[in-house]
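>>> I would like to see how this sequence folds:
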Amino acid sequence: MTVCDRLEAQQQGAEAAHAQLVQALLDSLTQARDAADFRASWQRLAEHFHGLITSEGSVDALKQAILQCGCSGRLTRREVGFVEEPPARYLAHVVATPFDIPPSWHWVKLGDLCSMVTSGSRGWKEYYADQGSTFIRSQDIKADRLEFDQRAFVKLPANAEGSRTQVALHDILITITGANVGKAAVLTERIADAYVSQHVALVRLRNPAYAAYIHRWLINSYGGRRLLLSSSYGAKPGLNLQNIKDLPVPLPPLGEQHDIVSKIDKLMSLCDRLKSDIADCRRQHSQLAEILVESALT
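As a prediction, the model looks like this:
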């Protein structure tokens with residue numbers, strides 16, 4: 001048992017050191033000073049990829065690094081000075097910029113891209129029903145997408161205030177209180193009649209075509225998510241609507257946004273396949289260990 005305890009401690013130490021090494025190499029990617037630095041950092045990671053990305057946690061860290069590389073212009077290459085569309089004149093200047101972006105990009109505030117940023121009304125519990133309009137709660141936004149394990153419904157009287165919080169296609173939903181604070185989902189399919197709770201912010205963009213890219217920025221733990229959570233308040237973390245409106249966004253031209261989202265999604269799909277393979281391998285190791293133990297004890 002002493003030997004087993006020593007082995008367990010060594011394993012935990014090795015896993016912690018491994019996680020630190022993976023994070024250091026990924027940070028060198030996301031914080032690269034220029035294209036040459038980025039290529040050198042990627043080469044270091046690529047040379048040791050199969051020995052480093054060996055756990056579900058390391059794949060999750062890689063996915064976040066991919067999001068940041070995409071949202072900082074490192075996954076796409078456009079000609080210097082290329083501008084597909086000028087920024088709208090109403091966009092406010094962002095004074096504090098978290099990192100440098102390509103010349104054709106612009107730092108903007110999320111609120112200036114929106115036609116509406118709101119949240120659900122209080123006191124809707126009295127309207128709960130077995131059927132009726134879908135009621136979107138914070139627990140329905142898991143893994144940064146909308147998932148209804150147990151869909152809730154509300155049945156509103158004709159005079160109830162509700163149109164302000166009714167969701168539409170391409171709306172972005174952000175949890176602002178509770179355990180899922182900071183999680184974000186984008187509506188990629190129409191929901192005929194649905195409303196958000198007081199714990200969910202509804203973000204409606206002036207240009208719905210921006211929604212996919214903005215969502216990738218919001219779920220980026222190096223970027224939008226980190227900045228949002230850094231502005232959360234209270235003993236139980238929470239966000240207000242002004243926190244969301246003030247969030248800086250690195251905005252590329254629309255065509256480049258599509259390229260970035262496409263590249264991110266392809267890489268995420270590969271990461272999910274790798275993560276599944278790692279989980280299968282762990283299960284096989286566990287089954288083999290059980291068989292060996294049983295053989296030794298019988």
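>>> can we go C-alpha only for contacts and neighbour counts from here?
Noted.
>>> Any regions of the stretch 51-200 of the chain where pLDDT drops low?
77-93, 95, 158-162 (pLDDT under 70).
>>> how about the helices of it, start to end?
Here the stretch 51-200 of the chain has its helices, by DSSP state H, counting those that start in this stretch, at 56-71.
>>> ok, which stretches of it are strands?
Listed in chain order, the strands of the stretch 51-200 of the chain (DSSP state E, counting those that start in this stretch) span 106-109, 114-119, 128-129, 133-136, 141-142, 145-146, 152-154, 172-175, 184-186, 194-196, 200-205.
>>> most centrally placed residue in this structure?
The chain has residue 219 as the residue nearest its centroid, 1.7 Å off, counting by Cα atoms, centre = their mean.
>>> right, and that residue touches residue 227 too?
No: here residue 219 lies out of contact with residue 227, judged by Cα atoms under 8 Å, at a distance of 10.7 Å.
>>> Can you verify residue 23 is assigned to a helix?
Yes: counting by DSSP: H, G, I helix; E, B strand; the rest coil, residue 23 is located in a helix.
>>> Okay, it and residue 103: tell me how far apart.
Residue 23 sits 28 Å away from residue 103, taking Cα to Cα, to the nearest Å as the criterion.
>>> higher neighbour count, the two?
Using other Cα atoms under 10 Å as the criterion, residue 23 and residue 103 rank with residue 23 on top: 16 against 13.
>>> on that earlier part again, with adjacent residues omitted, what lies nearest to the residue nearest to the centre of the chain?
Counting by Cα to Cα, 6 or more residues apart in numbering, residue 225 is the residue found nearest to residue 219 once chain neighbours are left out, at 5.6 Å.
>>> three-state assignment of that neighbour?
helix.
>>> ok now do it, which residues does it touch?
182, 217-219 (Cα atoms under 8 Å, 6 or more residues apart in numbering).
>>> Which pair of those spans the longest distance?
The span of these, defined through Cα to Cα, is set by 182 and 217 at 11.9 Å.
>>> ok, those two, which is more surrounded?
Between residue 182 and residue 217, residue 182 has the larger neighbour count (other Cα under 10 Å), namely 28 against 24.
>>> So what does the more buried one look like in phi/psi?
Main-chain torsions, residue 182, degrees, to the nearest 10: phi 90, psi -10.
>>> In this structure it contacts residue 199, no?
No: applying Cα under 8 Å as the test, residue 182 and residue 199 come out as separate, 10.9 Å apart.
>>> which residues do these two both contact?
175-176.
>>> Can you give me the separation between residue 256 and residue 203?
According to Cα to Cα, residue 256 and residue 203 sit 22 Å apart.
>>> returning to that earlier point: ranking the strands of the stretch 51-200 of the chain by burial, who's on top?
Counting by mean count of other Cα atoms under 10 Å, strand 172-175 has the highest mean neighbour count of these, with a mean of 27.
>>> domains of the chain?
Following automatic domain parsing, the chain resolves into domains at 2-76+259-297, 106-252.
>>> Tell me which of these sits nearest to residue 96.
Judging the domains of the chain by Cα to Cα, what sits closest to residue 96 is domain 106-252, at 8.3 Å.
>>> Span of the closest one from start to end?
Using Cα to Cα, the two ends of domain 106-252 sit 7 Å apart.
>>> before we move on, what about stretch 118-136?
14 Å.
>>> what does that stretch contact?
Outside stretch 118-136, the residues that reach it (Cα under 8 Å, 6+ apart) are 151-156, 162, 164-165, 193-203, 241.
>>> In contact with residue 74: list those residues for me.
Per Cα under 8 Å, 6+ apart, neighbours of residue 74: residue 35.
>>> ok, now residue 199?
Applying Cα under 8 Å, 6+ apart to residue 199 gives the contacts 119-120, 137-138, 175-178.
>>> What subset of those residues is buried?
Using 16 or more other Cα atoms under 10 Å as the burial test, the contacts of residue 199 include 119-120, 137-138, 175-177 as buried.
>>> coming back round to it: return the per-residue confidence for the residue nearest to the centre of the chain.
We have a pLDDT of 97 for residue 219.
>>> Could you check how far it is from residue 185?
9 Å.
>>> repeat for residue 21
31 Å.
>>> In TSV: the buried ones among the contacts of residue 199, plus distance to residue 35.
Below are those laid out as TSV (distance: Cα to Cα, whole Å):
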residue	distance to residue 35
119	41
120	44
137	42
138	40
175	36
176	37
177	39
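>>> Just name the closest of these to residue 261, please.
residue 175 (22.4 Å).
>>> what's across from the closest one in the sheet?
The residues listed as beta-bridge partners of residue 175 by DSSP bridges are residue 200.
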